[in-house]
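Student: my questions are about this predicted structure, shown below with the sequence.
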Amino acid sequence: MHKLLTSRAIEDNLSFSSIVARVEGWLATYMLPPFDGSNGIGGPIATYWASSPYMAGPYVMNSYGVIRGLCSRAGDENAEEARARAEKLALYYLRSQDPTTGLFVCSWGETPFVRLGLVQQASVVAALWDLHRVWPNKELAEAAEKGWRACLQHPATRNGWTVHNQALRACEALILKIWARGDARPLPDERALLQRIGQQVVKAQWPDSSAVAGALSQSLSDDRVIMPYQGKCLTPLVMLAEILEDSLYLEVALRLARFILSAMAHSRLLPGEYIPQGRGVKQTRRFYSLRHILPKVEPWLRQYRRQNISGWRFNPWPKWIARGLDTARGLYHLGRAVGEELYTQAAIEMVREVLRYQSPLGGLRNTLGFFGEDPEVLGGLVWQDVVPIPRWNSYAVQFLHELAVGTRVLPPAQLNQDSRDEVELVGGKVLVETIKELCLLGPDGREIWRLNKGKRWARPFRLVSEWDERAAATYRRVPA
């Protein structure tokens, strides 16, 4: 049994095709019947932790990165293998799209079954356009077009356009649409949208005089600098620079990348967040709500709020593991775009560090210090730290496939029936994962909760209405 996360030596001659095959082999254990991806990939839901042992059905983001990664292998040996798998996964999207609204079900933000988040909708659209671009299919294009209209028009996606990483993911989807139809440049209305979001992001970047110089505020209404969302902005900025022929966006990306690397100076695991401080910060946040009544004063209210920030508190916890490879991907593509080895090398170093935390089944673990505190101070890790999450592993699969371009496409690794991951946690709890189940055991060996893979539901250990984030890690199951 592992006291801490699995640690394995990473050799210099990494075979990215073999590595990604191992991660995909683990991810396949969460596929629902008929277990080929066409009915989606389930598993714990990263944005709704407390109920994850209860709701574990298919989620659109669990397939997104796999499809995108397989698309990058279109020119490689055994590309038909990649195409077949990508099209099976895309079939789930076609089956789960609401024909009247264009929204994709199972694409919630924080709460299952509540449609939230432009990023989920735009990500599916991006995956469909990417797949149509390399392996044309009329049905995929129609679904992508209908999904894109929902990104632009549906009330459920409206607030996402003010969140910079979500708006940039939507820009990425639009750029993939432009390339899919064979164009190198956008149409006038498309250009206007890309420029509007681009300028929104430019204005959100903190100046050199700030302690977080180069960072991006989380959104128009939120000045926090949350590290996983910073790196998600890099690749879309590189794409904006290319399609708009404007080097300004590369400059923005370079400043952002320098900030990210400075925050990772002591570790190649992505840290937590920077939280604005100041006596007037809370009050100015209240003032900002006036934008709903007087929208014309929104820029002034936002500037007033930022002027009241007197400092920043940096919390390095949690340190993100699998999720960090989305940032590594951005650094890598930026480095290639500007010809700077500093960024591509940092990306590979991040990959090597993340692979130290690969479970015996092949999944990449989640965090160190999930609840924002040093796990050594808490006395150990919680199950949210240790369990590999399909969504973040899907992002990792995308980048690992891109790194494997030029080599033979390998099928997902076949796991042994007796494959087992067993990790001791804080308080004597134990997390156990096999190819068929994921369960948390108490110090006495009794089951707290169990997630049966290949099924949409797990066994709840507490009434759903009583759950909260910390409860999922500390409370015992209510006796039947």
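Tutor: Good, I have the coordinates. Numbering: from 1, shown residues only.

Student: so what does whichever strand or helix holds residue 285 touch, helix or strand wise?
Tutor: Assigned by DSSP states H and E, residue 285 belongs to helix 281-288. If you count contacts as 3 or more C-beta pairs under 8 Å, 6 or more residues apart in numbering; DSSP states H and E, helix 281-288 packs onto helix 298-307. For the C-beta atoms, the positions are set from N, CA and C on the backbone; glycine is no exception.

Student: what's the mean pLDDT across the helix or strand following the helix it packs on?
Tutor: Going down the chain from helix 298-307, the next helix or strand is strand 311-315, by DSSP H and E. In this model, strand 311-315 has a mean pLDDT of 96.

Student: ok, and what's touching the helix holding residue 285?
Tutor: Contact partners of helix 281-288, identified using C-beta atoms under 8 Å, 6 or more residues apart in numbering, comprise 221, 301-302, 304-305, 308-309.

Student: out of those, which are buried?
Tutor: 221, 301-302, 305, 308-309 (16 or more other C-beta atoms under 10 Å).

Student: which of the residues you listed sits closest to residue 188?
Tutor: residue 302 (28.4 Å; C-beta to C-beta).

Student: so what's the closest one closest to, chain neighbours aside?
Tutor: residue 220 (6.2 Å; C-beta to C-beta, 6 or more residues apart in numbering).

Student: list the contacts for the one you found?
Tutor: With contact set as C-beta under 8 Å, 6+ apart, residue 220 has these partners: 162, 200, 204, 298, 302.

Student: how about a cut-off of 10 Å?
Tutor: Contact partners of residue 220, counting by C-beta atoms under 10 Å, 6 or more residues apart in numbering, are 159, 161-164, 167, 200, 203-204, 288, 291, 298-299, 301-302.

Student: likewise for residue 168?
Tutor: 119, 122, 194, 197-198, 200-201, 216, 229, 232-237, 239-240.

Student: let's see it at 6 Å
Tutor: Counting by C-beta atoms under 6 Å, 6 or more residues apart in numbering, residue 168 makes contact with 233, 236.

Student: cool, residue 57 as well?
Tutor: 42, 456.

Student: distance of it relative to residue 279?
Tutor: 45 Å (C-beta to C-beta, to the nearest Å).

Student: can I get the helix or strand encompassing residue 175 as PDB, trimmed to CA atoms?
Tutor: Taking DSSP H and E as the definition, residue 175 sits inside helix 164-180. Coordinates of the C-alpha atoms in helix 164-180 are reproduced here as PDB (Å, rounded to 0.1, in the frame of the first residue of the first chain):
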ATOM      1  CA  HIS A 164     -11.800  35.000 -20.000                       C
ATOM      2  CA  ASN A 165     -10.700  31.400 -20.300                       C
ATOM      3  CA  GLN A 166     -14.200  30.400 -21.300                       C
ATOM      4  CA  ALA A 167     -14.500  33.100 -23.900                       C
ATOM      5  CA  LEU A 168     -11.100  32.200 -25.300                       C
ATOM      6  CA  ARG A 169     -12.200  28.500 -25.600                       C
ATOM      7  CA  ALA A 170     -15.100  29.700 -27.600                       C
ATOM      8  CA  CYS A 171     -12.700  31.700 -29.800                       C
ATOM      9  CA  GLU A 172     -10.700  28.500 -30.300                       C
ATOM     10  CA  ALA A 173     -13.900  26.700 -31.400                       C
ATOM     11  CA  LEU A 174     -14.600  29.500 -33.900                       C
ATOM     12  CA  ILE A 175     -11.100  29.300 -35.300                       C
ATOM     13  CA  LEU A 176     -11.400  25.600 -35.700                       C
ATOM     14  CA  LYS A 177     -14.600  26.200 -37.600                       C
ATOM     15  CA  ILE A 178     -12.900  28.600 -39.900                       C
ATOM     16  CA  TRP A 179     -10.100  26.100 -40.600                       C
ATOM     17  CA  ALA A 180     -12.600  23.300 -41.000                       C
END
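
Student: quick one, the next helix or strand after that helix and helix 298-307 angle?
Tutor: As assigned by DSSP H and E, the chain's next helix or strand after helix 164-180 is helix 188-204. What separates the directions of helix 188-204 and helix 298-307 is an angle of 30 degrees, with axes from the mean of the first three to the mean of the last three C-alpha atoms, to 10 degrees.
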